[in-house]
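Colleague: below: sequence and its predicted model.
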Amino acid sequence: MYLPEHFAEDRPDQLHALMRAHSLGTLVMHTDAGLDANHIPFELLAEQGAHGVLQGHIARANPLVQQITDGMPVLVIFQGPQGYISPNWYPSKHETHRQVPTWNYQVVHAHGRIRLRDDERFVRGLVARLTREHEAQAEPERPWKMTDSSPDYISQMLAAIVGIEIDIERLVGKFKLSQNKTATDVAGAVDALDARGQQRLADTMRIAAETAKP
């Protein structure tokens, strides 16, 4: 990934925060059939290992179950808010006419090694944790629980999936949020995004400006 210094993000807390907030990761790996990508909601165990551990599950019918070998290298991509930035939003453009369009975004690349976890206890615990986390956001007043369904049905569903675990060896973050622009131009872009309902990217740029690395 092309990574100019002013867009590089290496603070573990910032990288982990994005991975948790946008937990649908793109798992990229090289199989016998070539490159493959799968989109998987991951749980991040930040305190385990040097850079954290990712846990998730895939369908037993997924060809990856046969293609994954313990320790094979993989890449998981997590993407945060993103959007187009018009040069018209920079006040300096109207003075110098020396601005061009760009695209702002946040991404984290987690490089690591994967293994299958094909055991019912692991999968049941993982699904329970993921369910609690996401139901708390989606349906906080009446969260769905695994016990809402019959034990036989849940066991049948769990048997249809296989756990995966990735030991993260390296994290690479790129937070491209107009850090190469003046404070006045950043404020102009943030205001324009706010006015167009792109609140998430506007807030992300605002926070980035306030918490920039020294």
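Modeller: That came through fine. Numbering: from 1, shown residues only.

Colleague: what strand or helix carries residue 133?
Modeller: Using DSSP states H and E, residue 133 maps to helix 120-138.

Colleague: tell me how far that helix is from the chain's mean position?
Modeller: Mean-position distance between helix 120-138 and its chain equals 18 Å (C-alpha atoms, centre = their mean, to the nearest Å).

Colleague: which positions in whichever helix or strand comes after that helix come out as buried?
Modeller: Note on helix 120-138: by DSSP H and E, the next helix or strand toward the C-terminus is helix 151-159. Across helix 151-159, burial judged by 16 or more other C-beta atoms under 10 Å covers 154, 158. In short, each C-beta sits where N, CA and C put it, glycine included.

Colleague: how about stretch 184-194?
Modeller: 185-190, 192-193.

Colleague: can you flag which of those residues belong to helices?
Modeller: 185-190, 192-193 (DSSP state H).

Colleague: now, among the residues you listed, which is nearest to residue 10?
Modeller: Comparing those against residue 10 with C-beta to C-beta places residue 186 closest, at 21.2 Å.

Colleague: not counting its neighbours along the chain, what's nearest that closest one?
Modeller: residue 178 (4.9 Å; C-beta to C-beta, 6 or more residues apart in numbering).

Colleague: so who does the one you found touch?
Modeller: Residues near residue 178 by C-beta atoms under 8 Å, 6 or more residues apart in numbering: 85, 102, 104, 185-186, 189, 205.

Colleague: so it, which state does it fall into?
Modeller: coil (DSSP: H, G, I helix; E, B strand; the rest coil).

Colleague: for it, give its distance to residue 212.
Modeller: Distance of residue 178 to residue 212, computed by C-beta to C-beta, to the nearest Å: 11 Å.

Colleague: I'd say residue 102 and residue 82 touch.
Modeller: No. Checked against C-beta atoms under 8 Å, the pair residue 102 and residue 82 is beyond contact range at 11.3 Å.

Colleague: for this structure, which spans come out with low pLDDT?
Modeller: Low-confidence segments of the chain, defined by pLDDT under 70: 213-214.

Colleague: can you give me the strands in it?
Modeller: 8-9, 24-31, 34-41, 43-45, 53-59, 72-85, 102-117, 161-176 (DSSP state E).

Colleague: measure residue 32 to residue 66 for me?
Modeller: For residue 32, the distance to residue 66 - C-beta to C-beta - is 9 Å.

Colleague: which residue is nearest the centroid of the chain?
Modeller: In the chain, the centroid-proximal residue (C-alpha atoms, centre = their mean) is residue 78; its distance is 2.6 Å.

Colleague: what's next to stretch 22-32, contact-wise?
Modeller: 19, 35-44, 54, 56, 63-64, 67-68, 72-80, 110, 114.

Colleague: report the buried members of these.
Modeller: Buried residues within the contacts of stretch 22-32, counting neighbours by 16+ other C-beta under 10 Å: 19, 36, 38, 40, 42-44, 54, 56, 64, 68, 74-78, 80, 110, 114.
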